[in-house]
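[1] The following block contains a protein sequence and its predicted model.
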Amino acid sequence: MKLNSLTPADVATVPAAVIERIRGAREVFTVCHENPEADALGSALAVALAVEELGGRATPVCSDPVPAMYDFIPRIDRFRQDPQEGRSYDLIVVGDRRADDDQLRLPHPRAAERAFVL
């Protein structure tokens, strides 16, 4: 897979610290919100695939099952409902969700010790 759809102008809109974290991460956990729609699933999956293209490993997670209406999205079957047991993630990426919401749930048991990109 090639990430050839991104242009330099696209990358320029992303804060440098975010790009550095993603490029340097080896084990990444991408999370989308409950009752996901296509943009939440697509965002989490895109980050996971980008990390893997850069040589890392990624686990895209959604606490709810992916609705069947999104089965047309390539690689949508990558989503899990829980993090992979035994993996220690060095970056958790939470997309399409406000971080100041008391309902935000991060399933990793040591989430407070990890680097975040929001």
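    That came through fine. The structure presented is a predicted model; accordingly, all values stated were derived computationally and were not measured. Residues are numbered from 1 along each chain as shown.

[2] hey, let's count contacts and neighbours off CA atoms from now on
    Will do.

[3] Who are the contact partners of the residue nearest the centre of the chain?
    Closest to where the C-alpha atoms of the chain average out (CA atoms, centre = their mean) is T30, at 2.4 Å. Residues in contact with T30 (CA atoms under 8 Å, 6 or more residues apart in numbering) are 44-45, 47-48, 58-61, 92-95.

[4] Which of these fall within strands?
    The members of the contacts of T30 that map onto strands under DSSP state E are 58-61, 92-94.

[5] The residue nearest to the centre of the chain - that's part of a helix, no?
    No: assessed with DSSP: H, G, I helix; E, B strand; the rest coil, T30 is strand; it does not lie in a helix.

[6] Helices of this protein, residue ranges please.
    8-12, 16-24, 38-53 (DSSP state H).

[7] quick one, which of those helices is nearest to V66?
    Across the helices of the chain, V66 has its closest neighbour in helix 38-53 (8.1 Å, CA to CA).

[8] Check which residues of the closest one are buried.
    Residues 40-52 are the ones in helix 38-53 that count as buried (16 or more other CA atoms under 10 Å).

[9] likewise stretch 51-61?
    Those would be 51-52, 56-61, for stretch 51-61 by 16+ other CA under 10 Å.

[10] swap in stretch 11-29?
    22-23, 25-29.

[11] same deal with stretch 62-74?
    For stretch 62-74, using 16+ other CA under 10 Å, the buried residues are 62-63, 66.

[12] my read: A58 touches I22, true?
    No: contact criterion CA atoms under 8 Å: A58 and I22 do not qualify, at 10.7 Å.

[13] Can you pull the residues that touch both of these two?
    V51.

[14] Take the buried residues of stretch 62-74 and lay them out in a markdown table including distance to I76.
    Formatted as a markdown table, those follow (distance: CA to CA, whole Å):
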| residue | distance to I76 |
| --- | --- |
| C62 | 11 |
| S63 | 14 |
| V66 | 8 |
